[in-house]
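Novice: This is a predicted model, with the sequence first.
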Amino acid sequence: MALQYTIVDSFTSRPFSGSPACVILLPSRNFISTKEMQLLAREFNLPETAFLSTLKSSDTNDEADVRRYALRGFTPLMEFPICGHATLAAAKVLFSTLPRIKTLKFDTLSGELEACLLPFPTQNKGETEREVEISLPSGTLHPPAQEVVDRAKRAIISALGKDVRFLYFGAGEGTSYSAYLVVEISGIQLDGYPVNPAPLTDLADVYTTVILTHPSPSPDYLFHSRVFAPAEGIPEDPVTGSAHALLASYWSIKLGVPMGRARQVSERGGEMGCVWQEGRCRLRGQARVVMKGEVVLPDLDRTPS
């Protein structure tokens, strides 16, 4: 039995930009093993590969226009508890095939995530794709230990050079964000700036994902960011939804605004709307399907459970 896959570029209106994710719909939750999921994620070698399986109606009490799925996400090296761009990609695939469904709910390692398809804006500037909104837990930040801050400074200077200045260090809290380190910087503009992510692996015993950010020089966005996770097999993540659950909280409080647009200025680049509320962050963005195909493996010839 072959498995259908779809590759989606998330948080962009243009193909071959944004953050790519592979979405694979399984006949049942345990149709393939965790080891097989990891092998497939390594084979696709994208920032994230998402595996979806429909939850039986007896498992839910949802309304007719709501559909619930189990969702697991893997980088090429490991399973990840939360991934915004893969969640957006999964929602894009499902909304494209389920026109009557208004809301999707995903059971993940980080709890329940929700997605909905937004209407076209009142002043539609020729857009033909509607935005998808996903709701993620809103992470909180706390000051890291000074020893960790000193290590982080050395690693970031090695990665970016001596012109970088440090304004804030914040460590993510909770199971979804405990490996995240947010650093507000100055002295450079992240957009187009050369970065060597390798030195950031020196922080992998405490933080595997380093998020650099500063205010946007453009009035179109509240802030810019770039995200590096070399210890997870992702030297630089093109666009990171989960990082913005922390960034939206940080910048909303600092700037005194509950919502706005943000841009992740990686080489591929992508953008999203961020709406921060106590406990939740809603991210809004477009996604484009760029590839479809089949996964054909001899040992996948099995009966769905």
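Specialist: Received it, and whenever you're ready, just let me know what you need.

Novice: Next one: Trp276 relative to Gly269, how far apart?
Specialist: Distance of Trp276 to Gly269, computed by C-beta to C-beta, to the nearest Å: 22 Å. Heads up, the C-betas are built off the backbone N, CA and C, glycines and all.

Novice: Among the two, which residue is more densely surrounded?
Specialist: The neighbour comparison of Trp276 against Gly269 (other C-beta atoms under 10 Å) goes to Trp276, with 23 against 17.

Novice: In contact with the more buried one, which residues?
Specialist: Trp276 makes contacts with 138, 248-249, 252, 258-259, 282, as judged by C-beta atoms under 8 Å, 6 or more residues apart in numbering.

Novice: tell me which residues in stretch 147-164 are buried?
Specialist: Neighbour counts using 16 or more other C-beta atoms under 10 Å place 148-149, 151-152, 155-156, 159-160, 164 of stretch 147-164 among the buried residues.

Novice: I misspoke; the intended subject was stretch 176-183.
Specialist: By 16+ other C-beta under 10 Å, the buried positions in stretch 176-183 come out as 176-177, 179-183.

Novice: and which of the residues you listed is nearest to Asp202?
Specialist: Of all those, the one sitting nearest Asp202 is Leu181; the distance, using C-beta to C-beta, is 12.0 Å.

Novice: For that closest one, which non-adjacent residue is closest in space?
Specialist: Leaving out its chain neighbours, the residue that sits closest to Leu181 by C-beta to C-beta, 6 or more residues apart in numbering is Tyr207, at 3.9 Å.

Novice: circling back to that earlier point, top of the contacts of Trp276 by neighbour count?
Specialist: Neighbour max across these (other C-beta under 10 Å) = Ala248, 28 neighbours.

Novice: Let me see the confidence value for that one.
Specialist: Looking at Ala248, its pLDDT reads 93.

Novice: Pro137 is in contact with that one, correct?
Specialist: No. Contact between Ala248 and Pro137 fails when scored by C-beta atoms under 8 Å: they sit 11.6 Å apart.

Novice: Mutual contacts of those two, please.
Specialist: Listed contacts common to Ala248 and Pro137 are Cys281; contacts here mean C-beta under 8 Å, 6+ apart.

Novice: Good, we can wrap up now.
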